[in-house]
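Participant: what would the 3D arrangement of this be:
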Amino acid sequence: MLLNLLKLAFGKIIAIPHRRRLAAFEEATREPRVVQEAVLQGILARHRDTDFSRKHHFADVRTVADFRRQMPISNYDYFEPYITRVTRGETRALLADDKVHMFAMTSGTTNSKRLRDAAASSSSCMPRGRRAGAGGSPTLTVSGACVSSLMGSRGG
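Facilitator: Below you'll find the model as predicted:
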């Protein structure tokens, strides 16, 4: 009986942060456009000191419409020079982070193989592959959400 009470109490204590996160998520779903605009502004502010941000005048972006005007819809080739610079150690070409945890090569199923990055602050990045310098050529991978946040994916 005491063990069951302890389990119940412990379970309730553990659940508190999860309930808070769920409540915050549910609150965000009530005004998705406002939340997404705030996320965009946070990403732009975080990356304001990158060469990519300066080239696209992200410091002047105040609205989603501004962002769409400043950032053309682009394919990998548009970003490749910046990614190449990151692989050479110039992380500020494209990323706010000073350190890239790893590089990964995409499988190239739709086109040629391509490099992707996994920076430290990218909480949505799910790194896979070999660490840079550990057993072969550096590889870099990130989740779609991470790439979208860095490379100008469009939303609502």
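Participant: only C-alpha atoms from now on, for both contacts and neighbour counts.
Facilitator: OK.
Participant: so in the protein, which helix runs the longest?
Facilitator: helix 2-30 (DSSP state H).
Participant: any chance you could map the strands in the chain?
Facilitator: Using DSSP state E, the strands of the chain run over 100-105, 115-119.
Participant: which stretch in those strands has the least confidence?
Facilitator: Ranked by mean pLDDT, the strands of the chain bottom out at strand 115-119, which scores a mean of 59.
Participant: skip the chain neighbours and tell me the closest residue to residue 64.
Facilitator: Distances taken as C-alpha to C-alpha, 6 or more residues apart in numbering put residue 37 closest to residue 64, at 6.8 Å, once the chain neighbours are dropped.
Participant: what's the burial count for that neighbour?
Facilitator: Counted with other C-alpha atoms under 10 Å, the neighbours of residue 37 add up to 16.
Participant: one step back: tell me the mean pLDDT over the longest helix of the chain?
Facilitator: 82.
Participant: which other helices and strands contact it?
Facilitator: Under the contact criterion of 3 or more C-alpha pairs under 8 Å, 6 or more residues apart in numbering; DSSP states H and E, helix 2-30 touches no helix or strand at all.
Participant: if we go to 10 Å?
Facilitator: Helix 2-30 is packed against helix 32-46, with contacts defined by 3 or more C-alpha pairs under 10 Å, 6 or more residues apart in numbering; DSSP states H and E.
Participant: and the helix it packs on with helix 2-30, angle?
Facilitator: 90 degrees (axes from the mean of the first three to the mean of the last three C-alpha atoms, to 10 degrees).
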